[in-house]
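Engineer: Quick one, what's the 3D model for this:
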Amino acid sequence: MIYLDNSATTNPKPKSVVSRANNAMVNYSYNSGRGGYNASVSTAGKIFECREKLSDMFGFNPQNIVFTSNCTMALNMAIKGSVKRGDHVIISSLEHNAVYRPISALALDGIITYDVAPFDYDSEKLIKNFESLINEKTTLIVCMHASNVFGCVFPIDEISKMCKKYGLRFIVDAAQSAGVLEIDSKKDGIDVLCAPGHKGLYGPMGTGFMAVGDGVSMSTIIEGGTGSASMNMLQPDFLPDRFESGTLNNSGIIGLGAGVDFVKSKGISSIYDHEFSLSNMLYDNLSKMNNVQLYTPPPVKGHTAPILSFNYDDYSSEKTAQLLADKGVALRAGLHCAPLAHRHFNTQNRGTVRISPSVFTTYRECEIFINYLKKL
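Structural biologist: Below is the predicted model of the structure:
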């Protein structure tokens, strides 16, 4: 199989990730922080090692790394924990349903109001699109770092400066950028970063995290046992315990730590260069085919994530993807859980076929895919 659906989840996983996750099932299958016996303490140490690795990669304090089951859960916790009744929120016109649906639900319940800032490739115009929507009740901006459909990269450092100017909280969805694009919470001015473990960090599925900046307080949407302050009827007020109720996914988290090690060993910039080069080659070939429709300008290094959407002839996106699947090429078709993005690019009625390579994808595989497409 030629796997080009890495925006959904990276595959294959590095051998080190598989090995360490399997080893954790045998040697670290204990509740971390819930017992004074050596196995529990040792397990807690392994969990903390992963916090430290993520801290080093993204610039948050280790204790501010909160493990979740995926990026969607992290975004729900960050968004719902950051707003109060009467607040106004701004999101972008490319947001994934992991942002759009929680925001819509809060608005439907009468808790918040929100506006959608149109994406623009011109950073200055994009900032103005956000800034023009700010009013006296605006408290929060939630924005993806890179589009999961069209690969557009948002200037999060510039959006952050605008947020600081108006005293707004800034939550970043790094679902498509963590491990692929450089992220520095201090330089980029991120208050809360949400990311999956199973995509660009090459960890197991069912892992993710919410990284919280110092001094950022949020209410909880899940309460329960934390192994700390157990006599208190309320959740602890310190991190990560405040947001980590119940038993953690030890094998997944330890496997994620191995994924972070893998990314660091390759180098984020090297991974991006490889994937960008493949995307650029694919775009160049697709743009020369009369029966292929592309929706974005040619990739620009540093401004485009290695994600590309297209349609073929008058076929539905699903039909194109199925014909290629019959040839052994794995692609994602449809709306990609991002109706806002498809409305922005006017592809909501048809969807698109999405291509997303990984560090393991080869030029030969991309050439084979192009040749299959030419013969449809």
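Engineer: what are the bridge partners for the closest residue to residue 138 other than its chain neighbours, then?
Structural biologist: Leaving out its chain neighbours, the residue that sits closest to residue 138 by CB to CB, 6 or more residues apart in numbering is residue 88, at 4.4 Å. For every residue, glycine as well, the C-beta is placed using N, CA and C. In this entry, residue 88 is beta-bridged to residue 113, residue 138, by DSSP bridges.
Engineer: burial count for residue 88?
Structural biologist: Residue 88 has 19 neighbouring residues, counting by other CB atoms under 10 Å.
Engineer: same question, the one 4 residues further on
Structural biologist: By the measure other CB under 10 Å, the count of residues near residue 92 is 26.
Engineer: What of residue 267?
Structural biologist: For residue 267, the tally of surrounding residues (other CB under 10 Å) stands at 10.
Engineer: Just to check, the residue nearest to residue 138 is in contact with residue 139?
Structural biologist: Yes. In this structure, residue 88 is within contact of residue 139 by CB atoms under 8 Å, at 6.8 Å.
Engineer: List the contacts of the residue nearest to residue 138.
Structural biologist: With contacts defined as CB atoms under 8 Å, 6 or more residues apart in numbering, residue 88 is in contact with 112-115, 135, 137-139.
Engineer: what's the helix or strand for residue 90?
Structural biologist: Per DSSP states H and E: residue 90 is located in strand 87-92.
Engineer: could you give the mean pLDDT of that strand?
Structural biologist: The average pLDDT within strand 87-92 is 98.
Engineer: Hmm, residue 313 and residue 291 touching each other?
Structural biologist: Yes. Judged on CB under 8 Å, residue 291 makes contact with residue 313 at a distance of 4.5 Å.
Engineer: hmm, back to that, could you export the contacts of residue 88 as CSV, including distance to residue 362 and neighbour count?
Structural biologist: Below are the contacts of residue 88 laid out as CSV (distance: CB to CB, whole Å; neighbours: other CB atoms under 10 Å):
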residue, distance to residue 362, neighbour count
112, 46, 23
113, 48, 15
114, 43, 19
115, 43, 15
135, 50, 10
137, 51, 11
138, 46, 21
139, 47, 17
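Engineer: What is the nearest of the residues you listed to residue 101?
Structural biologist: Using CB to CB, residue 114 is the member of the contacts of residue 88 that lies nearest residue 101, at 12.0 Å.
Engineer: Make sure that closest one is actually in contact with residue 103.
Structural biologist: Yes. In this structure residue 114 lies within contact range of residue 103 using CB under 8 Å: 5.3 Å.
Engineer: how about residue 348, what does it touch?
Structural biologist: 335, 339, 342.
Engineer: where do the helices sit along this protein?
Structural biologist: Assigned by DSSP state H, the chain shows helices spanning 15-27, 38-58, 71-80, 97-108, 123-131, 156-166, 185-188, 250-266, 268-287, 317-325, 339-344, 363-374.
Engineer: what's the closest of those to residue 308?
Structural biologist: helix 268-287 (5.5 Å).
Engineer: Buried ones in the closest one, by neighbour count?
Structural biologist: Buried positions in helix 268-287, judged by neighbour count with 16 or more other CB atoms under 10 Å: 268, 271-272, 274-283, 285-286.
Engineer: got the contact list for residue 11?
Structural biologist: 3, 5, 358.
Engineer: Look up the closest residue to the first one, ignoring the ones flanking it.
Structural biologist: This points to residue 3. Nearest non-adjacent residue to residue 3 (CB to CB, 6+ apart): residue 330, at 4.8 Å.
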